[in-house]
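> Predicted model and sequence below, questions to follow.
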Amino acid sequence: MNTSCDDYKVLKWLVSESLHHSIERLSCTRLRWANILSLKDALQSLASSLLDLEIGFDDMPDPNDICTTSFNIAPLPILTSLTLHIHVSRLSVMPYNFFVLSELESPLLKSVRFVVKCHSLESLCMIPLVELAFILSQPRFSNLSEVYFKFRGALRSSDQISRP
């Protein structure tokens with residue numbers, strides 16, 4: 001699904017017709033905050049079949065919208081793979097990626113992938129890896145066997161990443 005509300009209408013129709021029980025993968029890589037409640041409803045409906053979830057936020061909500069929107073992720077009991085898209089030119093939406101991780105209840109989760117779009121090595125330093133490590137080190141992520149970063153953008157294979 002992309003930023004179109006029509007995608008959520010199709011998903012709602014699938015749920016209303018009870019055609020959603022075999023959906024194992026959901027991809028929302030350009031999610032707008034205006035559609036966050038539709039995603040909440042979709043995850044609630046798909047919880048019993050969803051194995052793979054891919055999310056990326058496209059815009060930053062107004063702070064007032066955050067306070068007035070009740071969004072909590074339904075437990076996803078059989079989810080095994082989560083992919084979060086991060087675009088360094090939209091780092092202001094990164095807290096929402098962290099929010100997804102901090103709210104996630106998926107005891108079978110084995111893989112968390114971050115797809116990071118960046119244009120330089122310097123921009124990679126803007127990703128708060130310490131906070132990510134803190135969240136992923138919590139006991140509810142004890143079944144994780146893979147944390148994977150994929151970098152897209154203008155990085156070249158000759159670029160080197162060094163830690164301070």
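Good, I have the coordinates.
> in this structure, which helix or strand is least confident?
helix 63-68 (a mean of 52; mean pLDDT, DSSP states H and E).
> Now the element after that helix, going C-ward?
strand 81-87 (DSSP states H and E).
> May I have that following strand as PDB, with CA atoms only?
The C-alpha trace of strand 81-87 is given here as PDB (Å, rounded to 0.1, in the frame of the first residue of the first chain):
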ATOM      1  CA  SER A  81       9.600 -10.200  10.300                       C
ATOM      2  CA  LEU A  82       9.400  -6.400  10.500                       C
ATOM      3  CA  THR A  83      11.000  -3.900   8.100                       C
ATOM      4  CA  LEU A  84      11.100  -0.200   8.900                       C
ATOM      5  CA  HIS A  85      12.000   2.300   6.200                       C
ATOM      6  CA  ILE A  86      14.100   5.300   7.300                       C
ATOM      7  CA  HIS A  87      14.800   8.300   5.000                       C
END
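> Partner strands of that strand, with direction?
strand 52-57 (parallel), strand 111-118 (parallel) (DSSP bridges).
> Redo these as JSON lines? Include mean pLDDT, distance to F99 and mean neighbour count.
All C-beta spots, glycine's among them, are computed from the backbone N, C-alpha and C. Converted to JSON lines, those look like this (pLDDT from 0 to 100; distance: least, C-beta to C-beta, whole Å; neighbours: other C-beta atoms under 10 Å):
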{"stretch": "strand 52-57", "mean pLDDT": "87", "distance to F99": "9", "mean neighbour count": "21"}
{"stretch": "strand 111-118", "mean pLDDT": "86", "distance to F99": "14", "mean neighbour count": "18"}
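> Now render the ones you listed as a markdown table, adding distance to L132.
As requested, those are arranged in a markdown table below (distance: least, C-beta to C-beta, whole Å):
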| stretch | distance to L132 |
| --- | --- |
| strand 52-57 | 15 |
| strand 111-118 | 8 |
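> Please identify which of those is closest to A74.
Closest approach to A74 among the strands paired with strand 81-87 (C-beta to C-beta): strand 52-57, 11.4 Å.
> would you put the C-alpha positions of the closest one in CSV?
In CSV, the C-alpha atoms belonging to strand 52-57 read as follows (Å, rounded to 0.1, in the frame of the first residue of the first chain):
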residue,chain,number,x,y,z
ASP,A,52,5.7,-10.0,7.6
LEU,A,53,5.1,-6.2,8.2
GLU,A,54,6.9,-3.4,6.3
ILE,A,55,6.3,0.2,7.4
GLY,A,56,7.7,3.6,6.4
PHE,A,57,6.4,7.0,7.5
